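In: Sharing a model prediction with you, sequence too.
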Amino acid sequence: MSASASMFAQSFFHGTRADLKTGDLIVVGYQSNFTSTRRLSWVYFSGTLDAAIWGAELAAGSGPERIYVVEPTGPIEDDPNLTDKKFPGNPTLSYRSREPLRVIAEVTKWQGHTPERLQQMKDGLARLQAEGKAEIID
């Protein structure tokens, strides 16, 4: 590698409805956006903006949808809820950590999914819930 070359770090994103500021920590102990299970012992995030958009669009609550650029403060691992169940090889770059995520910035310009696509996702999640298959591996 030449002396003028630079390395680029992987960006990570977290979609939510929480109103956070730069430097805030996203910590474990909140319910999933996708099921009404117990409080989670992991924080979830993604290396793709699309997965974070889904998180924001499906997040519980009535606040505005938000996407944050985050920095893990400890070890991370592939999210087994997606990588083992739906997307072998982790193409969605979905991760989780027991350590907090630090908010680095907010992504303010992003395009959400179409209303039809969002409804398809919500219908699919409701079907999984009704079938008892909405279990989160926590």
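Out: Looks like it arrived, so ask away. Residues are numbered from 1 along each chain as shown.

In: Tell me how far stretch 103-110 lies from the chain's centre.
Out: Using CA atoms, centre = their mean, to the nearest Å, the distance from the centre of stretch 103-110 to the centre of the chain it belongs to is 13 Å.

In: So which residue is dead centre in this structure?
Out: F45 (3.6 Å; CA atoms, centre = their mean).

In: For the residue lying closest to that one once chain neighbours are set aside, give its distance to R66.
Out: The shortest distance from F45 to any non-neighbouring residue, by CB to CB, 6 or more residues apart in numbering, is to H14 (4.6 Å). Just so you know, the C-beta spots here come from the backbone N, C-alpha and C atoms, and that holds for glycine as well. Using CB to CB, to the nearest Å, H14 is found at 9 Å from R66.

In: okay, the two: which has more neighbours?
Out: Set H14 next to R66 and count neighbours by other CB atoms under 10 Å: H14 wins out with 24 against 21.

In: tell me which element the more buried one falls in.
Out: Secondary structure assignment for H14, by DSSP states H and E: strand 12-16.

In: picking up where we left off before, in which helix or strand does the residue nearest to the centre of the chain reside?
Out: Going by DSSP H and E, F45 is part of strand 43-46.

In: could you dump stretch 9-22 to CSV, C-alpha only?
Out: Extracted in CSV, the C-alpha atoms of stretch 9-22 (Å, rounded to 0.1, in the frame of the first residue of the first chain):
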residue,chain,number,x,y,z
ALA,A,9,-14.0,2.4,7.9
GLN,A,10,-17.3,0.6,7.7
SER,A,11,-20.2,2.8,8.5
PHE,A,12,-22.9,1.4,10.7
PHE,A,13,-26.6,2.6,11.0
HIS,A,14,-29.4,2.3,13.4
GLY,A,15,-33.0,3.0,12.5
THR,A,16,-35.4,4.1,15.2
ARG,A,17,-38.0,6.8,16.3
ALA,A,18,-35.9,7.8,19.3
ASP,A,19,-34.8,11.5,19.3
LEU,A,20,-31.0,11.2,19.9
LYS,A,21,-28.1,13.6,19.7
THR,A,22,-24.4,13.2,18.7
